[in-house]
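Student: Next input, structure requested:
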Amino acid sequence: MTFLLDTNVFGALSQRKPHRGVERAFKKHTGDLVTASLVVHERPPPFLDGPIAAVAAVNGATVVSGNAAHFEPFEGLRVENWLG
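Tutor: Down below sits the predicted model:
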């Protein structure tokens, strides 16, 4: 299975004390992780989740996000919250 990582998952790893659940999942799924690059200099609005969902759907990937609720409108999309 391929996992498409949302930016908040990377944020959880860049903390002084990285999120333990995300660290474990990264180790478990090494080789199955992909990202979508998008640079936003302020807090990204929820509409940016649409392109993330589209990339995941087209590639058969599971979205990994701490904001899983943002992806609920996308029918059939697999979403995991590694921050939960």
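
Student: Quick check: end-to-end length of stretch 72-81?
Tutor: Start-to-end span of stretch 72-81 (C-alpha to C-alpha, to the nearest Å) is 12 Å.

Student: other SSEs contacting the lowest-mean-pLDDT helix or strand in the chain?
Tutor: When each helix and strand of the chain is scored by mean pLDDT, DSSP states H and E, strand 33-35 comes last, with a mean of 77. If contacts are counted by 3 or more C-beta pairs under 8 Å, 6 or more residues apart in numbering; DSSP states H and E, strand 33-35 sits against strand 2-5. Yep, even glycine has a C-beta here, placed from its N, CA and C like the rest.

Student: Run a quick neighbour tally on Val63.
Tutor: Look at Val63: counted by other C-beta atoms under 10 Å, it has 26 neighbours.

Student: Next, the contact list for it, please.
Tutor: 3-4, 6, 52-53, 56, 71, 77-80 (C-beta atoms under 8 Å, 6 or more residues apart in numbering).

Student: among the residues you listed, which are in strands?
Tutor: Counting by DSSP state E, the part of the contacts of Val63 found in strands is 3-4, 79-80.

Student: where in this protein is pLDDT low?
Tutor: For the chain, the stretches with pLDDT under 70 are 36-46.

Student: Name the residues linked to the residue nearest to Leu5 when sequence neighbours are not counted by a beta bridge.
Tutor: Nearest-residue entry for Leu5: Val64, 4.9 Å, with adjacent residues in sequence omitted and distances by C-beta to C-beta, 6 or more residues apart in numbering. Counting by DSSP bridges, Val64 forms beta bridges with Leu5, Glu80.

Student: which one of the ones in strands among the contacts of Val63 is nearest Lys27?
Tutor: Comparing those against Lys27 with C-beta to C-beta places Phe3 closest, at 12.8 Å.

Student: for this structure, longest helix please?
Tutor: helix 49-59 (DSSP state H).

Student: Give me the helices and strands touching it, please.
Tutor: Helices and strands touching helix 49-59, by 3+ C-beta pairs under 8 Å, 6+ apart, are strand 2-5, strand 61-64.

Student: Out of these, which gets nearest to His19?
Tutor: Evaluated with C-beta to C-beta, these place strand 61-64 nearest to His19, the distance being 11.8 Å.
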